[in-house]
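[1] Requesting a structural model of the entry that follows:
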Amino acid sequence: MSIKKILVSQPKPSTPKSPYYDIAEKHGVEIVFRPFIKVEGLSVKEFRHAKVNLADYTAVILSSRHAVDNFFRLCEETRVSVPDTMKYFCTSESIALYLQKYIVYRKRKISFGNSGKLNDPQLLAAIAKNKNEKFLMPISDVHEDGANVLDEAGINYTKVVMYRTVSNDFTDDEPMDFDLFLFFSPAGIDSLMKNFPDFNQDEPRRYIGTYGQPAAKAVTDAGLRLDYSAPTPEHPSMPAALDAFLTEVNGKKD
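    Numbering: from 1, shown residues only. Modelled structure (predicted):
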């Protein structure tokens, strides 16, 4: 059975230069972007259960735009003024640049890594140079932050949940006539099973592709069939893996 319609469980790209659009044109398929999960910030009342005083911290470690948004939101809602001396350590340059939404960008107080991971050597070196700071690390309720590298470096830091990942509900009239579903997190698989408990991959045939080992494991744990997973040495990104899988199933396209 050929693949004609694909659901990518992420928000629609903000740029027309997304590789997904190139793949759709190359293979003559329709690609629909529909997140299965969404992020909600904790209320002030919920946040206060953590008994964290935001004014006590002199540096913040940020691993996503959600972390940035909810850090500044909760500072505002708890009436904590973020000082100009606050230092920011971001897992990627894109997150560092996103800070411009809230502060004046000054390189002397913003550091970032290249890999998007907390164990990035450049980021860890910057944190280690400032190890006398008191670090705050905003996180989601479900996370794999790799913070053990901070423990090993003797960093004084506090993790605090500021936002949560929840299922995105589907309406009864939303079509689910997709031949291939692409997932990026276990939460996406959980949402699929919540919204469609009778989901069947065989009648009609439906394929599932994932990015990352946690999402791949969640597929098999749910009793579903995993048809391909990225990254691999040959296909380091989801678009590259998708291109190869469509070539395999639908045939080579020039």
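
[2] could you pull out the helices for the stretch 101-250 of the chain?
    Listed in chain order, the helices of the stretch 101-250 of the chain (DSSP state H, counting those that start in this stretch) span 121-129, 148-152, 186-195, 213-221, 238-250.

[3] For these, state which one has the densest average packing.
    Greatest average neighbour count among the helices of the stretch 101-250 of the chain goes to helix 186-195 (a mean of 20), per mean count of other CB atoms under 10 Å. All C-beta spots, glycine's among them, are computed from the backbone N, C-alpha and C.

[4] Just give me how far it sits from the chain centre.
    The chain centre lies 15 Å from the centre of helix 186-195; the measure is CA atoms, centre = their mean, to the nearest Å.

[5] Over to stretch 153-166?
    Averaging C-alpha coordinates over stretch 153-166 and over its chain gives two centres that are 15 Å apart (CA atoms, centre = their mean).

[6] coming back round to it: export the helices of the stretch 101-250 of the chain as TSV, with columns for distance to D179 and mean pLDDT.
    As requested, those are exported to TSV (distance: least, CB to CB, whole Å; pLDDT from 0 to 100):
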stretch	distance to D179	mean pLDDT
helix 121-129	40	95
helix 148-152	40	89
helix 186-195	15	92
helix 213-221	16	94
helix 238-250	9	95
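
[7] Tell me which of those helices approaches T85 most closely.
    Among those, helix 121-129 comes nearest to T85, with 15.8 Å by CB to CB.

[8] Serialize the helices of the stretch 101-250 of the chain to CSV and add fields for distance to E93.
    Below are the helices of the stretch 101-250 of the chain laid out as CSV (distance: least, CB to CB, whole Å):
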stretch, distance to E93
helix 121-129, 10
helix 148-152, 19
helix 186-195, 26
helix 213-221, 25
helix 238-250, 21
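
[9] Give me the helices and strands touching the strand ranked longest in the chain, please.
    Taking DSSP state E as the criterion, the chain has its longest strand at strand 157-167. Helices and strands in packing contact with strand 157-167 are listed as strand 37-41, helix 65-77, strand 135-140, helix 186-195; criterion 3 or more CB pairs under 8 Å, 6 or more residues apart in numbering; DSSP states H and E.

[10] Give the buried residues for it.
    Within strand 157-167, the residues that qualify as buried by neighbour count (16 or more other CB atoms under 10 Å) are 157, 159-165, 167.

[11] mind listing what it pairs with, with the direction of each?
    Each strand that pairs with strand 157-167, with its direction, by DSSP bridges: strand 37-41 (antiparallel), strand 135-140 (parallel).

[12] chain center to it, what's the gap?
    Distance, centroid of strand 157-167 to centroid of chain: 13 Å (CA atoms, centre = their mean).

[13] ranges for the strands of the stretch 1-150 of the chain?
    When secondary structure is read from DSSP state E, counting those that start in this stretch, the stretch 1-150 of the chain shows strands at 5-8, 30-33, 37-41, 59-62, 87-90, 110-112, 135-140.

[14] who wins for proximity to M176 among these?
    M176 lies closest, by CB to CB, to one member of these: strand 5-8, at 8.1 Å.

[15] Name the surrounding residues that touch the closest one.
    Contacts of strand 5-8 from elsewhere in the structure, counted by CB atoms under 8 Å, 6 or more residues apart in numbering, are 20, 29-34, 177-182, 242.

[16] Which members of these are classed as buried?
    Of the members of those, the ones counted as buried by neighbours, 16+ other CB under 10 Å, are 20, 29, 31, 34, 178-182, 242.

[17] now, which of the residues you listed sits nearest K109?
    The shortest separation between K109 and any of the buried ones among the contacts of strand 5-8 is 35.8 Å, and it belongs to Y20 (by CB to CB).

[18] give the contact list for the closest one.
    Each residue near Y20 by CB under 8 Å, 6+ apart is listed here: 8, 13, 31, 33, 239, 242.

[19] And the fourth one, how far from N156?
    F33 sits at a distance of 41 Å from N156 (criterion: CB to CB, to the nearest Å).

[20] before we move on, back to that, distance to P197 and mean pLDDT for the strands of the stretch 1-150 of the chain - can I get that in JSON lines?
    JSON lines is the format used below for the strands of the stretch 1-150 of the chain (distance: least, CB to CB, whole Å; pLDDT from 0 to 100):
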{"stretch": "strand 5-8", "distance to P197": "18", "mean pLDDT": "97"}
{"stretch": "strand 30-33", "distance to P197": "22", "mean pLDDT": "96"}
{"stretch": "strand 37-41", "distance to P197": "17", "mean pLDDT": "91"}
{"stretch": "strand 59-62", "distance to P197": "36", "mean pLDDT": "97"}
{"stretch": "strand 87-90", "distance to P197": "39", "mean pLDDT": "96"}
{"stretch": "strand 110-112", "distance to P197": "42", "mean pLDDT": "95"}
{"stretch": "strand 135-140", "distance to P197": "25", "mean pLDDT": "95"}
